[in-house]
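> here are the coordinates; sequence isn't available:
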Ligand SMILES: Cc1ncc(COP(=O)(O)O)c(C=O)c1O
């Protein structure tokens, strides 16, 4: 075997040990920048062990500690260990799902994962994408090709990837007002017979869910369920997304609430055969047409999802999602009961928006130690945003750190 592919067992063991050490909580969960690399591309290499050593500080010690008990901030879960193993396997074997020749097994796994998940959304097929930004783009591309849409209409709180997709596709974008709870106001919709209506299931800042039955006259209805889509797997919370099955397409990020490592998401279609035919490009060197935005792509997302869903089953995934909902409700209760903090509103889908009653949110956040929240501008003011996506997070610890940080 070429030495590039003959991984020394002691280096593997040392790398895994180093990884495990980096998961032990250190005082400050935020990412720190400690990258010391040569300014100019070195002519001679330092060897694999030394290169790993040099990068370890930045990649391991400098990484945001998503698994830290004080980290309740972004839509980025710590990745379960079963997905580290599949990620290592897929990186090492480097299959390409573009061709059957180089990825038949991985393609079959991707198709199976899509088949497992599609019924929860009332869709009949789809494919994986590296994120919901691309899932939204792919869905709106299909809307343009099949639905002939000439406008994209979405609430003022739609994710940036929605206007971005419209711009890429050369379609006019129109934003419509939402109510005080950040839900699209169906009364603000005009005729939609030439439009793709994008409804959001879990807005990025506050987690609001648009009325998913709005705009039935639209030429295409797409639900951006990047964040809250996984609630469909929960017997207790699936009703929050009732109506999603009436959509023409759905986007969902598995690297958010299905706890997958980046990059992992799905675009699903009510009529996937038709959508895929519209998004297919053939060429002489391809045994089958290339479907969707990506050309070459790897097996990591399909493998991680398959492993997690097999290991835990639907029920195990739902237990984890339900626990995050409970965690968000616990933080909301603690904040609501504290005189020095204000709760923006009850969390609809696991995102708690809150702030100090008498001090600037950014100032207090900068003084927080041993816990971390994100910041979001909501209704013109800055608020803390605590996304429940970390099974280790302790809401009492997060609130205590904020209390401690008050000037
Ligand atoms: C509602 C919504 N849609 C789309 C996206 C984009 O998803 P991704 O980050 O997976 O590209 C996000 C990301 O935060 C989101 O919150």
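The structure has been received and is ready for your questions. Note that the structure is predicted; figures quoted are calculated from it, not measured.
> What about whatever residue of the stretch 51-200 of the chain ends up closest to the ligand, how many residues nearby?
Here the stretch 51-200 of the chain gets closest to the ligand at one residue, residue 131, 2.9 Å apart by C-beta to the nearest ligand atom. All C-beta atoms are positioned from the backbone trio N, CA, C, and that covers glycine. Per other C-beta atoms under 10 Å, the neighbour tally for residue 131 reads 20.
> tell me the contacts of it?
Taking C-beta atoms under 8 Å, 6 or more residues apart in numbering as the criterion, residue 131 is in contact with 253, 255, 262-265.
> cutoff 7 Å now
Counting by C-beta atoms under 7 Å, 6 or more residues apart in numbering, residue 131 makes contact with 253, 263, 265.
> where's it relative to residue 32, distance?
25 Å (C-beta to C-beta, to the nearest Å).
> ok, now residue 133?
Distance from residue 133 to residue 32, by C-beta to C-beta: 27 Å.
> swap in residue 385?
With distances taken as C-beta to C-beta, residue 385 is found 21 Å from residue 32.
> so which helix or strand takes in the residue most central in space within the chain?
Here the mean C-alpha position of the chain is nearest to the C-alpha of residue 256 (C-alpha atoms, centre = their mean), at a distance of 3.4 Å. Secondary structure assignment for residue 256, by DSSP states H and E: helix 254-257.
> so what's the backbone phi/psi at the residue of the stretch 51-200 of the chain closest to the ligand?
Summarising the backbone geometry of residue 131 under the convention degrees, to the nearest 10, its torsions are phi 170, psi 170.
> follow-up on the earlier one: which among the contacts of residue 131 are in contact with the ligand?
When these are checked against the ligand using C-beta under 6 Å from any ligand atom, the ones in range are 253, 265.
> Quick one: the contacts of residue 131 as CSV, columns for distance to residue 320 too.
Shown next, in CSV, are the contacts of residue 131 (distance: C-beta to C-beta, whole Å):
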residue, distance to residue 320
253, 15
263, 20
265, 18
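> Quick check: of the contacts of residue 131, which lies closest to the ligand?
For the ligand, the closest of the contacts of residue 131 turns out to be residue 253, at 3.8 Å, with distances computed as C-beta to the nearest ligand atom.
> OK, contacts around the closest one?
For residue 253, the contacting residues are 131-132, 226-227, 265, by C-beta under 7 Å, 6+ apart.
> What parts of the stretch 51-200 of the chain come near the ligand?
With the criterion set to C-beta under 6 Å from any ligand atom, the stretch 51-200 of the chain comes near the ligand through 75, 131-133, 136, 159, 161, 200.
> Take these and keep only those in strands.
Filtering those for membership in strands, criterion DSSP state E, returns residue 200.
> mind listing which of the residues of the stretch 51-200 of the chain next to the ligand are in helices?
When DSSP state H defines the helices, the subset of those inside them is 132-133, 136, 161.
> can you pull out the helices in the chain?
For the chain, the helices defined by DSSP H cover 9-22, 48-56, 81-93, 104-117, 132-146, 161-169, 254-257, 272-278, 300-336, 361-367, 395-405.
> what comes up buried for stretch 393-407?
Of the residues in stretch 393-407, those buried under the neighbour-count criterion (16 or more other C-beta atoms under 10 Å) are 393-395, 397-399, 401-402, 405.
> now it, how far from the centre of its chain.
Centroid separation for stretch 393-407 versus its chain: 26 Å, with C-alpha atoms, centre = their mean, to the nearest Å.
> List the residues that contact residue 204.
When contacts are taken as C-beta under 7 Å, 6+ apart, residue 204 is in contact with 159, 227.
> Fine by me, thanks again.
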